[in-house]
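[1] Provide a 3D model corresponding to the input given below.
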Amino acid sequence: MRPKKTILCVDDNEQALSVRKFMLETRGYRVLTALDCESALELFRAGGIDLVLSDLVMPRMDGNELVRRMKELAPEVPAILMSGSVKAFDRANRADAFLPKGACSPLEMLERIRVMVARKRGPKKSRLAGLVQVEAPEMDEAAMAAATS
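    Got it, this is the predicted structure:
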């Protein structure tokens, strides 16, 4: 069995956070939650996060600033920002994706998460990747001609 991927969910709305956590856990993810950006940064610094799913509009620090700080620590970890009040997020942001709450279905969100977690993992490694390549000794033109004829 493959190890569970860990998703850090950040939202100042406790009810929305618990619904999202339940939905992701029932799909096999390990979910850490934070009600504010400071707590989220502490959890992120501890390591082991495969994806960040954060609300955009929060008090004290918005999701955009949170993602900026996280990308400074680990740029390879994908981040998705969500908002119920912003329908199109066009200002400069560091997130890898934006999902408008209510305009995308839970299935669309789950598919986006699945794709982004797979992208973090990277392409599948070839089973030949670990083999050592041995170079052939150089041949002069006469030996090359004899070998090919």
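[2] The chain: helices as residue ranges?
    Using DSSP state H, the helices found in the chain span residues 14-25, 37-45, 63-73, 106-121, 141-148.
[3] ok, the residue nearest in space to the middle of the chain - contacts?
    The chain has Pro78 as the residue nearest its centroid, 2.9 Å off, counting by Cα atoms, centre = their mean. Going by Cβ atoms under 8 Å, 6 or more residues apart in numbering, Pro78 touches Leu51, Val52, Asp96, Ala97, Met116, Val117, Arg119, Lys120. To be clear about C-beta, it is placed using only N, CA and C from the backbone, and glycine gets the same treatment.
[4] And the pLDDT at the closest residue to the fifth one other than its chain neighbours?
    Taking Cβ to Cβ, 6 or more residues apart in numbering as the measure, Met116 lies nearest to Pro78, with 4.2 Å between them; neighbours along the chain are not counted. Per-residue pLDDT puts Pro78 at 95.
[5] what do you get for Val57?
    pLDDT recorded at Val57 is 89.
[6] Return the distance of it relative to Val86.
    7 Å (Cβ to Cβ, to the nearest Å).
[7] same question, Glu76
    Applying Cβ to Cβ to Glu76 and Val86 gives a distance of 26 Å.
[8] So if I had to pick from the two, which one is more boxed in?
    The neighbour count for Glu76 versus Val86, taken as other Cβ atoms under 10 Å, is higher for Val86 (15 against 9).
[9] how far is stretch 81-100 from where the chain is centred?
    Averaged C-alpha coordinates place stretch 81-100 at 16 Å from its chain's average position (Cα atoms, centre = their mean, to the nearest Å).
[10] Would you mark the buried spots in it?
    For stretch 81-100, the neighbour count (16 or more other Cβ atoms under 10 Å) marks Leu81, Met82, Ser83, Phe89, Asn93, Arg94, Ala95, Asp96, Ala97, Phe98, Leu99, Pro100 as buried.
[11] and the two most separated of these?
    Across the buried residues of stretch 81-100, the longest distance by Cβ to Cβ is 18.0 Å; it joins Arg94 and Pro100.
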